[in-house]
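> with the input below, show me the fold.
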Amino acid sequence: MPVCESLMSARPAQNTALFVKNLLLAASLSALSLGAAAQTSSLPITGQQRATADRVAQAGVPLSELAADAPDSHTVKAGDTLWDISKLFLKSPWRWPELWGMNRDQISNPHLIYPGQVLVLVKVDGRARLQLAQPVGSGTSGDTVKLSPRVRSSGVDDGSISAIALNLIEPFLNDAVVFDSDELAKAPRIVATPESRVLLTRGDLAYARGDLSQATDYRVFRNTRPLLDPSTKELLGYEAPYLGTAELTRPGQTTQLPDGKSEIVPATLTIKSVRQEIGVGDRLAPVPQRSFSRYVPHAPAQPMSGQIVSIYGDGLNAGQNQIVALNRGARDGMERGHVLALWQQGRRMVDRSGGQREEIKLPDERHGVLFVFQVYARVSYALIISVKDPVKAGDRFTQP
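Predicted coordinates:
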């Protein structure tokens, strides 16, 4: 009998539910995003997730929802992600609230788990629950496992595990940018380079005109390109290819000459980083304050469907760990953390097996999973978590 079941059976039956309720059941996701620093009181847990967690806190999930080889326990390791751990226990990793219940009376932040903690799978009466256990002793297999509620009060960068490998999306959280209007057309621009150099690299100077009074650190973008819905051709926004960063080192000025005419002296910037080639005509936008917030992978609350608009970086096809733009955004109910299914369109063919030629279309096949990490009004960016075949613009997605 597992240690956790021994502890539970040692208590009177009427106290079992209360005992289980007071255990800490937790999940974790820490991801970078734009916005104010996350506060415990404003964690983005939806009402549906709360209701699901409350409903299963006592009941757990049917054993049929567990992965075929779900372990009895797992010790969280550095480098683990919420997605990795969920896959160990569940057939559908994004359905974590159905396995991890949350005791809201005792724990204000249900997202945080840390390396070294032990997750124990408890199976009772055909149902399963995942509980957080604390090893007592040296941590060897023969030690007793004590289950107890634990509450951590921590800052943002506190060592808690993330949902997915953050290095896959971190470069895109500030760099992959969509503007609702073509506002970069009026943004400050690079007008000249020293000695008429064509391309700029790190440490080079650049001269710019425009309103540079908003900040000292700027992102550099190429002129925007429109994002069009693959089906309706509706203008969804303007994607700005990210080139690098620059620092304002000397403001521009306008001086009066003795003859009454004025002379314009552009501002001077120093190129700090280069992702792509930077040159005359490229646009400048203030670097937003970078901050951290927490959100969790979850399926959309309502049916969701759409298409891939483009592959980030001008690729014709995309594979695992690449970024795609979707034709659904906040106005359509899209949220950070949404998990979506990718579908491959069934090909059209001619059936000759019946003695005559008849055109048919094969069924669409699900072949991948998307994780939404950045949401704008009408467009979202998603990471391809897994995929069987190359992904291209126009491919469709749905709720998982």
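> stretch 67-83: which residues count as buried?
Residues 70, 73-74, 76, 80-83 are the ones in stretch 67-83 that count as buried (16 or more other Cβ atoms under 10 Å). From N, CA and C alone the C-beta is placed, and that goes for glycine too.
> wait, residue 283 sits on residue 188?
Yes. Contact criterion Cβ atoms under 8 Å: residue 283 and residue 188 qualify, at 7.0 Å.
> thinking again about what came up before, of the buried residues of stretch 67-83, just say which sits nearest to residue 314.
The closest of these to residue 314 turns out to be residue 83 (Cβ to Cβ; 27.8 Å).
> any low-confidence regions in the stretch 151-300 of the chain?
For the stretch 151-300 of the chain, residues meeting the criterion pLDDT under 70 lie at 151-164, 167, 171, 173-175, 290-296.
> need the contact list for the closest residue to residue 234 other than its chain neighbours.
Excluding its sequence neighbours, the residue lying closest to residue 234 (Cβ to Cβ, 6 or more residues apart in numbering) is residue 228, at 6.9 Å. Counting by Cβ atoms under 8 Å, 6 or more residues apart in numbering, residue 228 makes contact with 234-236, 309.
> what sits opposite residue 228 in the beta ladder?
Beta-bridge pairing of residue 228 under DSSP bridges involves residue 235.
> from residue 310, how far out is it?
Distance from residue 228 to residue 310, counting by Cβ to Cβ, to the nearest Å: 9 Å.
> from memory residue 335 sits against residue 372, does it?
Yes. The pair residue 335 / residue 372 is scored as a contact, 7.0 Å apart, by Cβ under 8 Å.
> helix, strand or coil for the residue of the chain positioned farthest from its centre?
Residue farthest from the centre of the chain, counting by Cα atoms, centre = their mean, is residue 259 at 58.8 Å. Of the three states, residue 259 takes coil under DSSP: H, G, I helix; E, B strand; the rest coil.
> got phi/psi on it?
phi -80, psi 10 (degrees, to the nearest 10).
> look up how far residue 223 lies from it.
Taken as Cβ to Cβ, the span from residue 259 to residue 223 is 36 Å.
> repeat for residue 199
Distance from residue 199 to residue 223, counting by Cβ to Cβ: 16 Å.
> of the two, who's got more company?
Set residue 199 next to residue 223 and count neighbours by other Cβ atoms under 10 Å: residue 223 wins out with 15 against 12.
> which one is residue 94 nearest to, not counting chain neighbours?
Distance criterion Cβ to Cβ, 6+ apart; nearest residue to residue 94, sequence neighbours excluded, is residue 339 at 3.9 Å.
> the residue farthest from the centre of the chain: what's it in contact with?
Going by Cβ under 8 Å, 6+ apart, residue 259 touches no other residue.
> ditto for residue 260
Counting by Cβ under 8 Å, 6+ apart, residue 260 has no contacts.
> follow-up on the earlier one: out of the contacts of residue 228, which are buried?
By 16+ other Cβ under 10 Å, these give 236, 309 as buried.
> and which of the contacts of residue 228 is nearest to residue 166?
Sorting the contacts of residue 228 by how near they are to residue 166, with Cβ to Cβ, puts residue 309 at the top with 24.3 Å.
> and the closest one, backbone torsions?
Taking degrees, to the nearest 10, you get phi -80, psi -50 for the backbone angles of residue 309.
> check it and give its pLDDT.
Listed pLDDT for residue 309 reads 95.
> pretty sure it sits against residue 227.
Yes. Counting by Cβ under 8 Å, residue 309 does reach residue 227; the two are 5.2 Å apart.
> which elements pack onto the helix or strand harbouring residue 367?
Secondary structure from DSSP states H and E places residue 367 in strand 365-375. Helices and strands touching strand 365-375, by 3 or more Cβ pairs under 8 Å, 6 or more residues apart in numbering; DSSP states H and E, are strand 31-34, helix 170-175, strand 323-326, strand 339-344, strand 380-387.
> and these, which one is worst for confidence?
Among these, strand 31-34 carries the lowest mean pLDDT (a mean of 29).
> picking that back up, pLDDT on the strand holding residue 367, on average?
In this model, strand 365-375 carries a mean pLDDT of 91.
> if we can go back for a sec, pull up the overlap in contacts between residue 309 and residue 227.
Residues touching both residue 309 and residue 227 (Cβ under 8 Å, 6+ apart): 236, 325, 379.
> closest to residue 248 out of the residues you listed?
residue 379 (29.6 Å).
> my guess is that closest one contacts residue 234. True?
No. Residue 379 lies out of contact with residue 234 (Cβ under 8 Å); the separation is 11.0 Å.
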